[in-house]
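Visitor: Pasting a predicted model and its sequence here:
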Amino acid sequence: MKPLHYIYILAGIVLSSCDSGDIQEKVYTVDETGRTVKVTARVSGLGDWDGTGFTLAAAAFTQDSKFAILQQAVSSSLADGQEVTLVLSNISSEVQTVELALTNSLRKRIVTLGTVSMADYADNTARDTVRLDMGTVDASRTGILQAGIFDRACIQCHGASGRSAAGLNLTEGHSADALIDVPSTRHEGYLRVESGNPEGSLLHLILREGGENLLSHNHTEILSSQFKSNLEEVSTFIDSWIEQLRETP
């Protein structure tokens, strides 16, 4: 049995904390070295992933790893435009990045939408929560393709200017119309993207072995510079996007 004076002291602490009236949101880490990252976003388009095994999540990755050691998923039942907050706590020093990412059932990274580099906070001894505000996120297949792949690796050459390579504009709001069922201007007889048919699409072919011979630039090499550890996953994701176009009205 605990001494009576110990019980009185404990009760006093509890009562004084309740009487203060100043209750604020707090995020605590579990130990002295762990950190907390809070990711906020207003998300739409999650219905595209029902039954696919893919998840939009806040995920923590170690260096050169494709698999998250910790993640919190966005609920697939989230209404379009609803704001969500994802919190990862007790993040160890081995974690290199915390990302808003599309992952599969094994927590394998497919595409990244936003990143916090934990190295940027290594010298900060304060225990403040690290925050990543993603604003509005289109988490549909096309939205993730745009933000996670085209915006990151393609629009430097295929932008909106009149000098866009092959006259192909892959900026937001233009990429789908420029690709889907549009004949290639560089390789006769092929569609840039053939709805529902990845293997028959030039976009698929230029990202596979031998694709460097189809166009004047090696697109696999270009993508590799941005997706060093997950090029295969990115290519497979592009194929899944082309495949589902068959079902799009």
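Guide: Received it, and whenever you're ready, just let me know what you need.

Visitor: any idea how the chain splits into domains?
Guide: Segmentation of the chain into domains, based on automatic domain parsing, reads 35-139, 143-247.

Visitor: Tabulate these in TSV, adding columns for mean neighbour count and mean pLDDT.
Guide: For glycine as for every other residue, the C-beta is placed from the backbone atoms N, C-alpha and C. As requested, these are exported to TSV (neighbours: other C-beta atoms under 10 Å; pLDDT from 0 to 100):
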stretch	mean neighbour count	mean pLDDT
domain 35-139	17	92
domain 143-247	16	89
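
Visitor: distance of the residue nearest in space to the middle of the chain from T129?
Guide: Central residue of the chain (C-alpha atoms, centre = their mean): A101, 2.5 Å from the mean position. Distance from A101 to T129, counting by C-beta to C-beta, to the nearest Å: 19 Å.

Visitor: Which phi and psi values does the residue lying closest to I180 once chain neighbours are set aside adopt?
Guide: Nearest non-adjacent residue to I180, counting by C-beta to C-beta, 6 or more residues apart in numbering: V193, 5.1 Å away. V193 adopts backbone torsions of phi -140, psi 120, taken as degrees, to the nearest 10.

Visitor: Might one say that V193 is in contact with S184?
Guide: No: look at V193 against S184 with C-beta atoms under 8 Å: they stay out of range, at 9.8 Å.

Visitor: Would you mind pulling the contact partners of stretch 133-153?
Guide: Residues outside stretch 133-153 that contact it (C-beta atoms under 8 Å, 6 or more residues apart in numbering) are 39-49, 56, 74, 100, 102, 111-114, 158, 170-172, 175-176, 222-223, 225-227, 234, 237-238, 240-241, 244.
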